[in-house]
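Novice: Give me the fold of what follows.
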Amino acid sequence: MKIQDTKTGKLIEFEPIKEGEVGMYVCGPTVYDLGHLGHGRSAVSFDLMRRYFLYKGYKVKFVSNYTDIDDKMINRAKEKGISVEQLANEIIPEYIRDYEALGVMPSDVSPKATDSVEEMIDIIKKLEEKGHTYVLDDGVYFDVKTFKEYGEFSGQRLEDLKVGARVDVKEGKKNPYDFVLWKFKKEGEPFWASPWGDGRPGWHIECSAMSLRYLGEKFDIHGGGLDLVFPHHECEVAQSLCAFGMDKFAKYWMHNGFINIDNEKMSKSLGNFFTLREVFKKYDPKVVRFMFLQTHYRNPINFSFDLLDQAKAGLARVRNCVRKLEKLSDDSLMDEESFSGGEPISRQFEGFLKDFERYMDDDFNVSGALSALGDLVINVNGLQSSMALTKEDKNTAFDIFHKMDSVLNVIFEEEQELGENIQVLIDEREEARKNKDFKKSDEIRDELKAKGIELEDTKNGTIWKRI
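Specialist: Alright, predicted model coming up:
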């Protein structure tokens, strides 16, 4: 199994630190506002990886944090006239709701930064003891000149960086790229006691502390969005290696690509910004997940509603195939005793699963894996139409669909989401058709269509899909 490691820039063989186990830490959102498409893309990308590790038989410990203290949190809380803690307690459940709708598995641990301030102070103490820090009037800073590898992780030439863009301007810093570890208390801001004075942690130190607390000094994979490579992850690498040792911290680094709108990075400042909640009003969240999956996690997605419509149609084809397969009656299946045609068809289906695994083993190439799913759908549809499936073939196909969906998590969820009232209407229409009450049957069909459910009558029964 190969993965693309950001640190080396190479596609390398994945070798876990401990055989059969994977520790993953993924930088989560700053919880000052609702989640947007970029948050959803990152969450789905790393959920896919986690699910595939589980599929491969690994025991996975997955940690993803909430940043609940920083300038954005403080400013938004002031705007709303509430405390920073109240703001976090309002917004975190909204992320949980959106991620659940996207089919993202809950993290094994979802720490809030404010719960690990003690660990942050301990790391800063270690850095101070080793000569990596200095104090200014507004806080404690990391001196990047004490870590000669600073910039190598992200491939940055420090002299080319524009101070004030991704690097904070502060008079008195030894180097423009030095970053704050501990910010001294300001009036009206939350604060904690520390050896250097009351204050709060800098952003970068938070993830070093939380990953240490829940995964230890060395773990397998650290992930996040591509926008975090510099300065956030560059700074994490510097402070963590200096504190723990050069052979510690994350073994591999993985980053998902941007969401672009009209080929520009999605940004509130550009006015091309979509929250997940806004998109969910128009599209099934699983359609949004399927849209994310159609692009390799490292590549950018040039978002449009046309792209969502294509994903909706593609997912409907897969789900309709599965529903038709489920409705196949025994008299529509080939008698296995009379089957005389060489190799069982189910062997072909198993080949599609091998293709699926081969693609996923190549740096989680989910777009390729979806092509294997598409090949399975085409073959199953063709064989259903020609009534050339045996019961064994049907069961094998179902088993493979379920195996693929244990990773993709888009195919079978919809059945559970069909409301009780909708199912009652479908059953009533079936009864009306049996009684040749076509007027009532048509009325119910129209009612369901108004509710976003389209019916298709087949020789094996009625199947439905969302529209």
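
Novice: Which helix in this protein has the most residues?
Specialist: Secondary structure of the chain per DSSP state H: the longest helix is helix 305-327.

Novice: was I right about residue 174 contacting residue 143?
Specialist: Yes. Residue 174 is within contact range of residue 143, at 5.7 Å (criterion: Cβ atoms under 8 Å). Every C-beta, even on glycine, is put in place using the N, C-alpha and C of the backbone.

Novice: mind listing what's buried in the longest helix of the chain?
Specialist: Judged by neighbour count using 16 or more other Cβ atoms under 10 Å, the buried positions of helix 305-327 are 308, 311-312, 314-316, 318-325.

Novice: still on that earlier bit, between residue 174 and residue 143, which has more neighbouring residues?
Specialist: Legend: neighbour count by other Cβ atoms under 10 Å for residue 174 and residue 143, higher for residue 143 (20 against 13).

Novice: what's the nearest residue to residue 430 if we skip its chain neighbours?
Specialist: Leaving aside its chain neighbours, residue 430 sits nearest to residue 462 (6.1 Å; criterion: Cβ to Cβ, 6 or more residues apart in numbering).

Novice: Looking at the helix or strand the one you found falls within now, give me its mean pLDDT.
Specialist: Assigned by DSSP states H and E, residue 462 belongs to strand 461-466. Averaging pLDDT along strand 461-466 gives 67.

Novice: ok so, going back, find residues that contact each of residue 174 and residue 143.
Specialist: residue 134 (Cβ atoms under 8 Å, 6 or more residues apart in numbering).

Novice: picking that back up, roughly how far apart are the residue nearest to residue 430 and residue 426?
Specialist: From residue 462 over to residue 426 the distance is 7 Å, taken as Cβ to Cβ, to the nearest Å.

Novice: shared neighbours of those two, which are they?
Specialist: Overlap of the contact sets of residue 462 and residue 426 (by Cβ under 8 Å, 6+ apart) consists of residue 455.

Novice: what's around residue 363, how many residues?
Specialist: Applying other Cβ under 10 Å, we find 20 residues neighbouring residue 363.

Novice: thought it was touching residue 10?
Specialist: No. Using Cβ under 8 Å as the test, residue 363 is too far from residue 10 to be in contact (10.8 Å).

Novice: who touches both of the two?
Specialist: In terms of Cβ under 8 Å, 6+ apart, residue 363 and residue 10 are both contacted by the residues residue 4.

Novice: contacting residues around residue 45?
Specialist: For residue 45, the contact set (Cβ under 8 Å, 6+ apart) comprises 223, 256, 292, 297.

Novice: Please tell me how far the first one sits from residue 10.
Specialist: When Cβ to Cβ is the yardstick, residue 223 and residue 10 sit 17 Å from each other.

Novice: what's the answer for the third one, then?
Specialist: Taking Cβ to Cβ as the measure, residue 292 and residue 10 are separated by 25 Å.

Novice: Pick out whichever of these two has more residues nearby.
Specialist: Comparing residue 292 with residue 10 by other Cβ under 10 Å, the one with more neighbours is residue 292, at 26 against 10.

Novice: Then that one would be within a strand, right?
Specialist: No. Counting by DSSP: H, G, I helix; E, B strand; the rest coil, residue 292 is not part of a strand but helix.

Novice: Could you measure from it over to residue 305?
Specialist: According to Cβ to Cβ, residue 292 and residue 305 sit 15 Å apart.

Novice: What is the burial count for residue 377?
Specialist: By other Cβ under 10 Å, the residues close to residue 377 number 22.

Novice: Just the element for it, please.
Specialist: When secondary structure is defined by DSSP H and E, residue 377 falls within helix 366-385.

Novice: Off-centre distance for that helix?
Specialist: Centroid separation between helix 366-385 and its chain, computed with Cα atoms, centre = their mean, to the nearest Å, is 24 Å.

Novice: Pop the domain breakdown of this structure in here.
Specialist: Using automatic domain parsing, the domain parsing of the chain gives 2-256, 311-413, 418-466.

Novice: Isn't residue 137 up against residue 173?
Specialist: No. Using Cβ under 8 Å, residue 137 makes no contact with residue 173, being 11.4 Å away.

Novice: Of these two, which one has the most company?
Specialist: When residue 137 and residue 173 are compared for neighbours, residue 173 comes out ahead with 19 against 8, by other Cβ under 10 Å.

Novice: Excluding sequence neighbours, find me the nearest residue to that one.
Specialist: Going by Cβ to Cβ, 6+ apart, residue 173 has residue 141 as its nearest residue, at 6.4 Å.

Novice: Over to residue 86?
Specialist: In this structure, residue 86 finds its nearest non-sequential neighbour in residue 77, 7.1 Å apart by Cβ to Cβ, 6+ apart.

Novice: go on, residue 285?
Specialist: Excluding the flanking residues, the one nearest residue 285 by Cβ to Cβ, 6+ apart is residue 101, at 3.8 Å.

Novice: what distance separates stretch 391-408 from the middle of the whole chain?
Specialist: 24 Å.

Novice: average model confidence for it?
Specialist: When pLDDT is averaged over stretch 391-408, the result is 94.

Novice: what's next to it, contact-wise?
Specialist: 48, 51-52, 54-55, 293, 322, 325-326, 328, 330, 333-334, 336, 344-346, 349-350, 352-353, 356, 360, 366, 369-370, 372-373, 376, 380, 383, 389, 411-412.
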